[in-house]
Structure formats: C-alpha cells, structure tokens
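In: I would like the atomic coordinates for the input below:
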Amino acid sequence: MMKWTVWMLAVSLLAGCGAGARNETSPSPQNNPGVTAQQADPQKKEINDRDSVAARLCALATGIAGVKDARCVVIGNTAVIGIDVDERLDRGRVGTIKYSVAEALRNDPYGVDAFVTADMDLSARIREMRADIDRGRPVAGFAEEMSDIIGRIIPQLPRDLAPGNTGGAGQS
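Out: Predicted structure coming up:
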C-alpha cells in the first residue's frame, strides 16, 4: 500500500511539473492589428522507443567535456539525465558543465525538455533505475527509487509519530 501511495505521489508530481494555468492576459490582436501570434516552442516529440532515446541522450551528454558518465531514464515523454563529473570540481564549474549538457540537449528534439542533474545522490538513483529497467523491472525499480527520493525530501514531523513509538531514539 505504501509503494502504491508513493507511486501515485510520484506520478502526480511529474504531471504537475508542466506549465500551470496563468491568470495573465495578453493584449488583444484586435486592439493592435500589427501584432500577430506565433507558436514559439515546438511541440514535444513523442517518444516511442524509450531505450534508444535514453541511449541517444546519454551519448549527447557524455560528449560534453567534463562529463565522465551519464545515465538517462525516460518516463512517459520526459527524460531525466544524471551526469557524473569530477567530484573535486567546484560548484561553479559543475554548473557550467551542466549548462553545456543542457545546451547540447536543447538542439535535440527528444532532449529539449529533459531534466539534467549533476547531484551525486540523484545520479546514483537514476543509475539504479536504469539498471532496473535493463533487468526488466521498470515499474518496480522506478517505484522503489522514487520512494527513496521522496523519503529524503519529506520531513519527519513529530505529530505524525504514533504515541508510545520512540523508534529507539533517545533511549539509553
């Protein structure tokens, strides 16, 4: 039951990452006949073969100087890419490498909406998800890793603890 709840939470979080409704209004073209509206962003390209897209995006990422390794997980029509860089690099250099990867992906129809992370823990979790997918356990592997990620994000609130359950903390 807990895994199902975590799975549903993860799916709703991913679904909520899109652009939300905006209350802003734009000027009416009727009031300004010289203005015409154009679609600025191309539609997201449909991903039919997730494994080949993941391999393609990993190849693009590892082609960037400073990227030691990359792994990619495609979820629905969105890709998440974890990159490994030298752990001795300072934060600014890591940010520059991550930006360079994002620039390379921006020119790819599948990579334009990808998420790129250089965080070591998230990259390791993406590696585990990729390994689970390769072993034929895409749903179970994703649910387990998302459960671990969400468990690290959600704080433990004292009021959520059951009365009388100390969990071993503070005992001598």
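
In: which residues in the chain form strands?
Out: Using DSSP state E, the strands found in the chain span residues 69-75, 78-84, 115-117.

In: right, so of the ones you listed, which gets closest to R130?
Out: Smallest distance to R130 across these (C-beta to C-beta): 4.7 Å, for strand 69-75. C-betas here are computed from N, CA, C, even on glycine.

In: helices or strands up against that closest one?
Out: Applying 3 or more C-beta pairs under 8 Å, 6 or more residues apart in numbering; DSSP states H and E, we find strand 69-75 packed against helix 50-62, strand 78-84, helix 120-134.

In: right, so these: which one is the most enclosed?
Out: Of the helices and strands packed on strand 69-75, the one with the most neighbours on average (mean count of other C-beta atoms under 10 Å) is strand 78-84, at a mean of 23.

In: relative to helix 50-62, how tilted is that one?
Out: 40 degrees (axes from the mean of the first three to the mean of the last three C-alpha atoms, to 10 degrees).

In: can you show me the CA trace of strand 78-84 as PDB?
Out: What follows is strand 78-84, C-alpha atoms only, in PDB (Å, rounded to 0.1, in the frame of the first residue of the first chain):
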ATOM      1  CA  THR A  78      10.200  13.200 -20.300                       C
ATOM      2  CA  ALA A  79      13.800  12.300 -19.800                       C
ATOM      3  CA  VAL A  80      15.900  12.700 -16.700                       C
ATOM      4  CA  ILE A  81      19.600  12.600 -17.100                       C
ATOM      5  CA  GLY A  82      22.200  12.200 -14.400                       C
ATOM      6  CA  ILE A  83      25.700  13.200 -15.200                       C
ATOM      7  CA  ASP A  84      28.900  12.300 -13.400                       C
END
